[in-house]
Structures are given as C-alpha cells and as structure tokens.
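# Sequence plus predicted model, see below.
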Amino acid sequence: MLQLCKVTKALFISNGRSACSEPLVQREAVTLCINVSKQQPFPGGRVATLRIPVYDDPHEDLYQHFDRCADAIQREAERGGRSLVYCKNGRSRSAAVCVAYLMKHRGLLLAEALQKVKTARHVIDPNPGFMAQLERYQEELRRRRRGGEA
C-alpha cells in the first residue's frame with residue numbers, strides 16, 4: 001500500500017515507492033523531498049529536493065548530514081511547507097534523519113524521538129551504525145545546549 005506516514009504536522013516518512021507517487025505527494029501538500037539514498041528517484045512535480053547519498057550500511061556516515069537535514073525540515077515547516085523524508089524501504093536511513101530532526105528542533109531525547117517516528121511508521125529500524133550516530137548526535141546536541149548555541 002502506498003502511503004506517507006505523518007510524524008508531525010510538517011514531516012512525513014515513507015519508502016521510495018510511496019515517495020514517487022506524485023498524486024500522493026500532492027495530496028499531502030509536500031513541498032520538500034529529502035531522498036536519503038544514492039539510487040532512489042525523486043517524485044515528479046514541483047517539489048524542492050535534497051539528496052543525501054548514503055547506503056543503508058552501518059559504516060556509512062549519516063551523522064554529517066543530520067544538522068543540514070534537520071534544519072531544512074525546520075525551515076520548510078516555518079514557511080508553512082511540509083517535508084517528506086524517504087529511502088528505499090523507509091526503515092533505516094529516513095528514520096534516522098527524522099529522529100535527528102525531532103531531537104534537534106523538538107528537543108526530544110533519542111528514545112522519545114525514535115518512539116514518535118515508530119508510532120507514525122511501525123516498520124522503522126535504524127541500523128546499529130545509525131543508532132550509534134544518533135546517540136553521538138544526542139550528546140552533541142546536549143553539549144551545544146549547555147554551551148548556549150543550538
């Protein structure tokens with residue numbers, strides 16, 4: 001079944017097949033698609049796009065993209081837009097990016113953010129490498145907040 005899973009009012013997560021359904025993307029009024037893969041296509045239509053070229057491999061460095069993705073989702077939400085984050089299966093890479101956003105801009109702890117994304121899309125399961133990177137990101141965000149720069 002093709003579907004975009006709503007994480008927040010302005011954030012959706014899905015797999016590549018659903019993300020490439022132009023009618024679905026239009027129906028949910030998506031304005032930014034973040035494609036967390038090297039090979040998945042983008043949907044057609046007039047939607048801003050951002051590609052994060054990583055494989056679903058525990059050794060890939062997704063950490064380096066967390067801030068840029070989280071900030072792009074936040075900017076889109078602030079201007080009334082809606083973001084869709086997806087990867088091939090909508091389980092690992094896209095979930096990690098959504099969790100990073102919730103941690104940075106909603107102030108959630110890793111466990112809370114993971115649960116929120118899992119509630120929206122039950123199949124999510126970031127690989128062990130991405131989980132370790134999210135733990136590192138949580139510590140980095142904690143340090144920034146203590147230092148006064150978020």
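Sure thing, it's come through. Numbering: from 1, shown residues only.
# could you show me where the strands are in this protein, in order?
With DSSP state E, the ranges of strands along the chain come out as 5-8, 11-15, 32-35, 48-51, 83-87.
# out of the ones you listed, deepest packed?
For the strands of the chain, the largest average neighbour count (mean count of other Cβ atoms under 10 Å) is found in strand 83-87, namely a mean of 28. Glycine gets a C-beta too; all of them are placed from N, C-alpha and C.
# Now do it, average pLDDT.
Mean per-residue pLDDT for strand 83-87: 98.
# Over to stretch 115-133?
Across stretch 115-133, pLDDT averages out at 98.
# List the buried residues of that stretch.
For stretch 115-133, a neighbour-count test (16 or more other Cβ atoms under 10 Å) marks 116-117, 120-121, 124, 126-127, 129-131, 133 as buried.
# got a markdown table for these, with distance to Gly147 too?
Below are the buried residues of stretch 115-133 laid out as a markdown table (distance: Cβ to Cβ, whole Å):
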| residue | distance to Gly147 |
| --- | --- |
| Lys116 | 26 |
| Val117 | 27 |
| Ala120 | 31 |
| Arg121 | 33 |
| Ile124 | 31 |
| Pro126 | 27 |
| Asn127 | 30 |
| Gly129 | 27 |
| Phe130 | 25 |
| Met131 | 25 |
| Gln133 | 21 |
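# Nearest to Asp61 among the residues you listed?
For the buried residues of stretch 115-133, the residue nearest Asp61 by Cβ to Cβ is Gln133; the value is 7.6 Å.
# now the strands of the chain as CSV including distance to Pro58?
Converted to CSV, the strands of the chain look like this (distance: least, Cβ to Cβ, whole Å):
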stretch, distance to Pro58
strand 5-8, 23
strand 11-15, 20
strand 32-35, 20
strand 48-51, 21
strand 83-87, 14
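# can you tell which of the ones you listed is closest to Glu112?
Judging the strands of the chain by Cβ to Cβ, what sits closest to Glu112 is strand 5-8, at 12.5 Å.
# wait, doesn't Leu24 sit right on Met1?
No. The pair Leu24 and Met1 does not pass the contact test of Cβ atoms under 8 Å, sitting 10.7 Å apart.
# quick one, which of these two is more surrounded?
Leu24 (19 against 4; other Cβ atoms under 10 Å).
# got a pLDDT number for the more buried one?
Leu24 carries a pLDDT value of 94.
# need the contact list for it.
2-4, 18 (Cβ atoms under 8 Å, 6 or more residues apart in numbering).
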